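S.K.: show me the folded form of this:
(2 chains)
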Protein chains: 2
Amino acid sequence: MKLKAKVIKISTGGSLISILNNEDAKLMDLHALDRIKIKKGRKTETVVLDIADSKRVVAKGRLGVFEEVADSLNLKNGDEIRIMPARKPLSIGFIRKKLDGERLNKKEIEQIVWDIVHNKLSSIELTYFVAAGYTKTLTAKETIMLTNAMCHEGDILHLNKYPVIDKHCVGGVAGNRTTMIIVPIVAAAGLTIPKTSSRSITSPAGTADTMEVLAEVCIPIKKMKRVVEKTGGCMVWGGSLNLAPADDKIIHVEKPLAIDAKSQLLASIMAKKLSVSSTHILVDIPAGGGSKIPSYKKAAQLKKDFESIGKALKKHMKVIITDGRQPIGNGIGPSLEARDVLWVLKNDALAPKDLREKSIRMAGLILEMGGKAKKGMGKRIAKELLETGLAYDKMTEIIKAQGEKQTNPNRIRLGKYQADIKAGKSGRVKQVDNKAISKIARVLGAPDSKGSGIYIYKHMGDKVRKGEPLFRMYSESRHRIKYANDIIKAIGGFLIK
Amino acid sequence: MKLKAKVIKISTGGSLISILNNEDAKLMDLHALDRIKIKKGRKTETVVLDIADSKRVVAKGRLGVFEEVADSLNLKNGDEIRIMPARKPLSIGFIRKKLDGERLNKKEIEQIVWDIVHNKLSSIELTYFVAAGYTKTLTAKETIMLTNAMCHEGDILHLNKYPVIDKHCVGGVAGNRTTMIIVPIVAAAGLTIPKTSSRSITSPAGTADTMEVLAEVCIPIKKMKRVVEKTGGCMVWGGSLNLAPADDKIIHVEKPLAIDAKSQLLASIMAKKLSVSSTHILVDIPAGGGSKIPSYKKAAQLKKDFESIGKALKKHMKVIITDGRQPIGNGIGPSLEARDVLWVLKNDALAPKDLREKSIRMAGLILEMGGKAKKGMGKRIAKELLETGLAYDKMTEIIKAQGEKQTNPNRIRLGKYQADIKAGKSGRVKQVDNKAISKIARVLGAPDSKGSGIYIYKHMGDKVRKGEPLFRMYSESRHRIKYANDIIKAIGGFLIK
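M.R.: Okay, here's the model as predicted:
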């Protein structure tokens, strides 16, 4: 059937969806969620169909296309197109098979991942896949196949090195910017560590957001390779690379129920590690009240899961469970966290001790895994590399190679508007709530407004007098400071007893 | 936060969804799929939030509202509104609980059904509920609780009668319009049978579409009650009543994977039966190749499931498995099927024998269940009621009570354009494919164009000579006849050997 395109300027956030008028749909006997193939000139694209009951949305003789479809076929309003019925993606049958509790083979898993990456599934269909993986846990073999499929649907960084180091943190702790200290230490020791990081989704800053204060992080894979070959390390935004791209789409449908389909989570993480050719991986699981994993039993189970998938993928894997009960470091928000990192690397008196200690410990473990230190000696060597300034030198080298923005902590610009929050009573700090601190920092403007966020003066266990400042707020907007004050009244953040 | 409404003239098909500009969302730290409460004057509504990255969709200071939200709050472009963060619906936690394999209690199930009926869940969240019910089958107790919750979320027809008869067919067979013959026979015998039926979703006609050729079917519940009290029966469109309204929303997310979450399916059906106060229910499961349930083993399992839920709900329930391998009756499409029905009721020579036989058999079983015939004698009495014209008289009485359109089969208007499809070779008809026949009838215009459809001349087992007509096509559009011819070339429909 010949139609004219009507571009609807709304993004579906991934799925390729078009809308047909009710009458045209009836003529072709097409229904909502059927597939159609759209042809414009020589280009074709298969999309999910939705039906408009009102001609106000899409008139007869028109096909409404959302932004993703318009982009894919380069469609403009009024362009002539042809549509024809198409089959549903093969993976729908495989997802159903998994829902029925059957095992999937390699081909079937690869097809599902291909359809996810190419936006061939509606969000309802993808949700069934996640639900299937959640209720009918994937076998170890299926998880490995999923990991490989997710990795191979994206680009791969090939490095002619051994070992290739990686680290991963499951998240949930504000601050905690260890990566930016570990990478220069490890690279300074002569190891290869091509680190990709994410931007914040619900936190006030991801490592990519923070590194962006100091250097370019949106880097094509070829340049990433040159940086790593030159300096031994890098810290780039994974989202600007096409590594294991199925991941984000799966996360999108997991969020509403806040479920972690464990097999798919492990596969996502490991696929990204495979994509950068890692051979040795250190995984950090912050646990305890106020963190993402309050139960130490669950943390121990997750540790086991990581270890067994690491073994199955023939990777050297070490998993540590760390204290995740409060923020790590003093700065919360990209610029404030970047300043903490540089203070640590420059051995400045203002360096937060907890961040420094945790980074040295983890870097030490990596040096031992990578053969640069004997067992038990890693921490000492890591500390030396930090204290001699070699790690800071390596950091500036990496920053220059990626595209320098700043290497001096004292020149980092912070939010123009500032206000202190003071203790309402005297006592001892019993709790600094990760979720509340993150929320406040986000309301202040982090992560998009780099200089916005929080600087924490008091940590768990500290004594505090009434009227003493607990933390300082930074923002580029007076309005946001006011709004943050309202939020603090509602949710608190510090517990003093 | 104060905003102005921007009405987006697109229907989401149920879910209450609004779109906020990225910058406003960041200020309030709101994310996609969060909930917000919208206040306009004294009215409030809680909706699911989506975020627009581009200000072309929704500018700063605006809230984009889809049609459902605009209707609910009576919003017009530019109306001033206030929004504030709201909690996620309680049922999300309960759905997650079920996904984790735990049992739900009455309150939890009621909350889920309430949230479904009031459009409080996004389609992703609802999909998790269906997936949970599919993979972690509901217990018998949970299914009963779900049935009751679904029933009580809608209106209920209270009748001061005993027994109250109902029938149900799981569908999948073209034609098969037994309801419209059974209801007048059963009512003529003095029983009460307040029948609600559905319109077609993917078939060429539902009972409601077909009955609409003869009488009004969109009837408020009060009038339905009057019709039943006067005539003993009725045949109305369930969709115009507010009976167990959660059903349609669940079906919407089941379709993409073509899964029947069995517990939820049974609960949906039984909830509708409870809504009309039925006490005695006959269920027809057409099975065999080409039907919805090709496997007789699965049909037998479904029979058992119906029987056990019927028992648990203390209903008199009889379940029969019938031959569903080919269409039943000759007409396919609302007017053609209505004509068959009236021919049967008028004992016309043109009455299709298969439809007549099946209806007599089922009506007979109901007469026995309802105490109007001794065991084994129902069929004879049903046949008498039909042959004496008492059933036809009852039909005209019901038609008049609902609002008469037509009672004479020979005056029913059929499609203006007609064309015969002839046998390509001589032999015996081995197969008449339900799906293909339905597809062709729909392409010809059924069910919306009442007079469009197919009239079948040859059935399974019939001998046919090359060039003899197999069926006649009826349509109101020459274009559709042409398009149907193309479809027939592609998919056939008749197998002659």
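S.K.: give me phi/psi at A:Lys416?
M.R.: phi -70, psi -40 (degrees, to the nearest 10).
S.K.: how about the helix or strand hosting A:Lys304, does it get close to chain B?
M.R.: Element membership for A:Lys304, per DSSP states H and E: helix A:296-312. No. For helix A:296-312, no contact with chain B is found by CB under 8 Å from any CB of the partner chain; the gap never falls below 13.1 Å. The way it works is simple: take the backbone N, C-alpha and C, and place the C-beta from them, glycine included.
S.K.: and the contacts of that helix?
M.R.: For helix A:296-312, the external contacting residues (CB atoms under 8 Å, 6 or more residues apart in numbering or on different chains) are A:140, A:143-144, A:147, A:170, A:262, A:266-267, A:270, A:281, A:283, A:285, A:287-288, A:293, A:316-317, A:319, A:321.
S.K.: how does it look with 7 Å?
M.R.: A:140, A:143-144, A:262, A:266, A:270, A:281, A:283, A:285, A:287, A:293, A:317, A:319, A:321 (CB atoms under 7 Å, 6 or more residues apart in numbering or on different chains).
S.K.: try stretch A:403-423
M.R.: Against stretch A:403-423 from outside (CB under 7 Å, 6+ apart): A:213-216, A:335-336, A:338-339, A:342-343, A:346, A:348, A:396, A:399, A:445, A:449, A:451-452, A:464-478, A:481, A:488, A:496.
S.K.: how about it: buried residues?
M.R.: A:406-407, A:409, A:412, A:414-415, A:417, A:419, A:421, A:423 (16 or more other CB atoms under 10 Å in any protein chain shown).
S.K.: from those, which two are the most distant?
M.R.: Across these, the longest distance by CB to CB is 35.4 Å; it joins A:Thr407 and A:Ala423.
S.K.: distance between the ends of stretch A:457-474?
M.R.: 14 Å (CA to CA, to the nearest Å).
S.K.: next: stretch A:73-87.
M.R.: OK, stretch A:73-87 end separation, CA to CA: 19 Å.
S.K.: just the pLDDT for the closest residue to chain B within the stretch 101-250 of chain A.
M.R.: Of all residues in the stretch 101-250 of chain A, A:Ala131 sits closest to chain B, at 3.5 Å by CB to the nearest CB. With respect to pLDDT, A:Ala131 has a value of 92.
S.K.: picking up where we left off before, for the buried residues of stretch A:403-423, which one is nearest B:Gly370?
M.R.: A:Ile421 (75.0 Å).
S.K.: A:Asn330: neighbouring residues, count only.
M.R.: 25 (other CB atoms under 10 Å in any protein chain shown).
S.K.: my guess is it contacts A:Arg339. True?
M.R.: No. The criterion here is CB atoms under 7 Å, and A:Asn330 misses it with A:Arg339 at 9.0 Å.
S.K.: re the thing from before, surely the residue of the stretch 101-250 of chain A closest to chain B touches B:Ala131?
M.R.: Yes. Counting by CB under 7 Å, A:Ala131 touches B:Ala131, with 3.5 Å between them.
S.K.: now the two most distant members of the contacts of helix A:296-312.
M.R.: It's A:Ile144 and A:Ala287 that sit farthest apart of the contacts of helix A:296-312, by CB to CB, at 25.8 Å.
S.K.: what ranges does the stretch 151-300 of chain A have for its helices?
M.R.: Ranges of helices in the stretch 151-300 of chain A, per DSSP state H, counting those that start in this stretch, are A:179-188, A:207-214, A:221-231, A:246-254, A:262-275, A:296-312.
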